[in-house]
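*Asks:* with the sequence up front, the predicted model follows.
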Amino acid sequence: MRKPTIAAIVISIGVLVAVIGWLALQKQAAGVPPSLTQQEEDRKSQTSSEPQGVRRTISPDEIVSGGPPRDGIPSIDAPTFVSLQSVSFLSDTDLGIALEKEGVKRFYPFSILVWHEIVNDTINGVRVAVTYCPLCVSGVVFDPLVQGERVEFGTSGKLWNSNLVMYDRKTESLWSQILGEAINGPAAGTRLVIIPSDVVRFGEWKKKNPNGEVLSTDTGFSRDYRRDPYGTYYSTPGTYFPLKRKDSRFEAKELILGIVLDGKAKAYPIDSIKKRGRIEDVFAGISIVANSEDDGSVRLYKKTPSGLEHIGATYAFWFSWA
């Protein structure tokens, strides 16, 4: 058998290159892009992950993964409640969100919320969203009205400024818990109304509400509700995730009550209110009373001609509000 000459080899290589080039041109003519490098593939997937024209109020670059996927931290969508006499998993010092609405008094323990973050509850036939972000200890109850319908919310698996980003199960928009606002998606720019609630210790709450109801550990999920997975996070400096905004007027993890009135925001340090008992203020043209209550909670009120009206406020670490 004759060995191929060098000239024949060169010609064969040239033909092969020509064929590859012709195939690439055919792909382009057919609307199929030529092969991309891994870096180009990554860039393409990043830039095409969000369709053009998506509404948003926060840059996608500021919204980061918290680790679990969407609904990886499962919301409680069919909550059940027990009487005080049936509660054996709480101590008197345990904190939780206390909600009183239309004669119904309920306590949502942080020890359960830390594992679920959202409770889609219904009171007298009306849906409410009880939310909690362990990273900010922010407890807020919302009227979950989205585009004319009260809907369920779930955890998105994402964070903004180390705070829970939720999504609604109607438009699938992303919502910042601390802002109470849709930050990405069809509902972007929409704000939820805060329903007044309190963060209080269980022992104090049950004294004032002997007929109250407590969120049951019968959630449909297997969790150790006596253990807090965040350990000493609450009492040690620093956060698990980077902060986009920082403000040194208070320590990052100082507890505050925050309100937004007429588009303006203000925070009231909880320790200061407890030390003074009562603080009167004028903010956004409204007379505000910050009061330390008998049950150990702190409330914000606005003065009205008929008396004091409880204001829906956000209980949280300072860094999440700043």
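*Replies:* Received it, and whenever you're ready, just let me know what you need. Residues are numbered from 1 along each chain as shown.
*Asks:* could you list the low-confidence segments of this structure?
*Replies:* The chain contains residues with pLDDT under 70 at 1-54.
*Asks:* tally up the residues packed near G307, please.
*Replies:* Counted with other Cβ atoms under 10 Å, the neighbours of G307 add up to 7. All C-beta atoms are positioned from the backbone trio N, CA, C, and that covers glycine.
*Asks:* now do the same contact list for the nearest residue to L257 once chain neighbours are set aside.
*Replies:* Leaving aside its chain neighbours, L257 sits nearest to A313 (4.4 Å; criterion: Cβ to Cβ, 6 or more residues apart in numbering). When contacts are counted by Cβ atoms under 8 Å, 6 or more residues apart in numbering, A313 is found next to I194, P196, L257, G258, I259, R299, L300.
*Asks:* same thing but 10 Å
*Replies:* By Cβ atoms under 10 Å, 6 or more residues apart in numbering, the contact set of A313 is 140, 194, 196-199, 256-260, 266-268, 290, 298-301.
*Asks:* for G203, same thing?
*Replies:* By Cβ under 10 Å, 6+ apart, the contact set of G203 is L90, S91, D92, T93, D94, D295, G296.
*Asks:* show me the beta-bridge partners of R56.
*Replies:* Judged by DSSP bridges, the bridge partners of R56 are N184.
*Asks:* that one and F153, how far apart?
*Replies:* As judged by Cβ to Cβ, to the nearest Å, R56 and F153 stand 18 Å apart.
*Asks:* higher neighbour count, these two?
*Replies:* Shown here are R56 and F153; by other Cβ under 10 Å, F153 has more neighbours (26 against 16).
*Asks:* right, and that one touches V141 too?
*Replies:* No - the criterion here is Cβ atoms under 10 Å, and F153 misses it with V141 at 11.6 Å.
*Asks:* quick check: neighbours shared by those two?
*Replies:* V119, A129, V130, T131, L192.
*Asks:* which stretches in the stretch 101-250 of the chain count as helices?
*Replies:* Listed in chain order, the helices of the stretch 101-250 of the chain (DSSP state H, counting those that start in this stretch) span 110-116, 202-208.
*Asks:* tell me the most buried of the ones you listed?
*Replies:* Highest mean neighbour count among the helices of the stretch 101-250 of the chain (mean count of other Cβ atoms under 10 Å): helix 110-116, with a mean of 22.
*Asks:* quick one: residues contacting I195.
*Replies:* By Cβ under 10 Å, 6+ apart, the contact list for I195 reads 99-101, 123, 128-130, 140-144, 312.
*Asks:* so which of the contacts of A313 are in strands?
*Replies:* 140, 194, 198-199, 256-260, 266-268, 290, 298-301 (DSSP state E).
*Asks:* just to revisit the earlier point, turn the contacts of G203 into CSV, columns for neighbour count, secondary structure and distance to P186.
*Replies:* Below are the contacts of G203 laid out as CSV (neighbours: other Cβ atoms under 10 Å; DSSP: H, G, I helix; E, B strand; the rest coil; distance: Cβ to Cβ, whole Å):
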residue, neighbour count, secondary structure, distance to P186
L90, 23, coil, 40
S91, 10, coil, 44
D92, 11, coil, 45
T93, 9, coil, 43
D94, 16, coil, 39
D295, 17, coil, 41
G296, 15, coil, 41
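*Asks:* and which of the residues you listed is nearest to S222?
*Replies:* Closest to S222 out of the contacts of G203 is L90 (19.0 Å), distances taken as Cβ to Cβ.
*Asks:* roughly how far apart are the closest residue to the closest one other than its chain neighbours and S111?
*Replies:* Nearest residue to L90, sequence neighbours excluded (Cβ to Cβ, 6+ apart): F202, at 4.9 Å. According to Cβ to Cβ, F202 and S111 sit 9 Å apart.
*Asks:* what's the answer for G203, then?
*Replies:* Applying Cβ to Cβ to G203 and S111 gives a distance of 14 Å.
*Asks:* between the two, which contacts overlap?
*Replies:* Common neighbours of G203 and S111, using Cβ under 10 Å, 6+ apart, are L90, S91, D94.
*Asks:* so who does the closest residue to the last one other than its chain neighbours touch?
*Replies:* Take D94 and drop its neighbours on the chain: the residue closest to it by Cβ to Cβ, 6+ apart is F202, 4.6 Å away. Contacts for F202 were tallied using Cβ under 10 Å, 6+ apart; they are 84, 87, 90-96, 98, 107, 109-111, 214.
*Asks:* list the buried ones in stretch 189-205?
*Replies:* For stretch 189-205, a neighbour-count test (16 or more other Cβ atoms under 10 Å) marks 190, 192, 194-202, 204-205 as buried.
*Asks:* before we move on, what about stretch 99-107?
*Replies:* Using 16+ other Cβ under 10 Å as the test for burial, stretch 99-107 gives L99, E100, K101, K105, R106, F107.
*Asks:* can you check stretch 162-182 too?
*Replies:* For stretch 162-182, by 16+ other Cβ under 10 Å, it's 162-171, 173-182.
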